[in-house]
Structure formats: C-alpha cells, structure tokens
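K.L.:
got a sequence here, can you model it:
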Amino acid sequence: MRNLPIYFLILVFAILMFALSRVQLYTPVANTESDAPAPVEPEGFTGRMVMPSLDDIYVLDNSAGRDIVQFEKFLKGRAASLHFASAAYFKANRKNAHKDSNAFMGIKLTLDSTGMFNPEILFTNVDDENFKGLVLSQIQTYWRYPRSVQGKFVAWVPFVWKTNY
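P.N.:
Got it, this is the predicted structure:
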C-alpha cells in the first residue's frame, strides 16, 4: 500500500509512452509541379508618395500670419494619408499601366481662420474622377490645422505618387 503512488506513476508513464508510440508523424506531400510558390499580386499601391518640401509650396496669401515651416511639417504628416487614398486607383490601373505611370496633382489649399481646408485641384494627369474626389474629400474631412486669430492662408502644393522608385 505504501508504494501505490509509485506504481500509479509508472502505470501513467507506460500509458503515455504507449500513446506516443502510436502517433504517426506528418509527412508533407511533395509538389511535383514546382517547389516555388505562385507569385502574389500586391493588394494596392506599392509605390510611394513624394512628400512636399518647403521649396515645393507656393504661398499665394498669408493674411493669417501662418508659419510656413510648421505648415510644411503638417503637410508631410498628412500627405501620407493620401498614399492610402490612391491605392484603389493604382490597383485598377496596374495591368494597363506603363513603366512610368506616376500621378500628380497640383492642389490649391485654402485654409480659413477656423483651421478648415477647402482644396481645389488646379491641374492633374489623372482622369479618374473617383480618385480626385477621394483625395479632395480626404483633405476636407480629415485635415485640420490650428485656428488663427483672423485672415486666411492660401497655398499651392504639388502632390506626386511615384510607382517606381
């Protein structure tokens, strides 16, 4: 009776070893066609957005007294969202696009004293109205700048999407 726990432990160990000996190992099925996986097409735009620099921004009116360097930093942070807004356009045009199919838009940004943007496309090489509308609505809806005491700020900014970099 005194050795019963030891016998029980040996019995459990023996059952465990028996169960493990009955387990069959998995053998992978060999691919006879090719060992290389099929190429995966990228989901969306895989290029990059060229961030506008201080030299690219053309200020038309600064009656609000805005700091241009701070505005440039703001644009670099917000322009990244336009990269994702362009994904559907580049995915749709990937098949018939030639090697240098960059997209660019010259957008006039009017910023009122409340910090709301009113964008307007001055020129572009994009014919897709959906893409243009998506970019304009992205700017109007999600871009907010700190308020000013009075006046407005108007600047022309070029945005470029590069497919090959």
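K.L.:
which residue ranges of the chain form strands?
P.N.:
48-50, 58-62, 103-111, 117-124, 153-162 (DSSP state E).
K.L.:
the closest residue to I107 other than its chain neighbours and F159, how far apart?
P.N.:
The spatial neighbour of I107 that comes closest, neighbours along the chain excluded (CB to CB, 6 or more residues apart in numbering), is P119 at 5.2 Å. The C-beta positions use only the backbone N, C-alpha and C, and glycine is treated the same way. The gap separating P119 from F159 is 10 Å, by CB to CB, to the nearest Å.
K.L.:
between these two, point out the one with more neighbours.
P.N.:
More neighbours surround F159 than the other of P119 and F159, with 23 against 19 (other CB atoms under 10 Å).
K.L.:
residues contacting the closest residue to F123 other than its chain neighbours?
P.N.:
For F123, ignoring the flanking residues on the chain, the nearest one in space by CB to CB, 6+ apart is G106 at 4.6 Å. By CB atoms under 8 Å, 6 or more residues apart in numbering, G106 lies in contact with I121, L122, F123, T124, W156, V157, P158, F159.
K.L.:
ok, now T124?
P.N.:
A103, F104, M105, G106, K132.
K.L.:
now the buried members of these.
P.N.:
A103, M105, K132 (16 or more other CB atoms under 10 Å).
K.L.:
out of those residues, which comes closest to R78?
P.N.:
Of all these, R78 sits closest to M105, with 14.2 Å by CB to CB.
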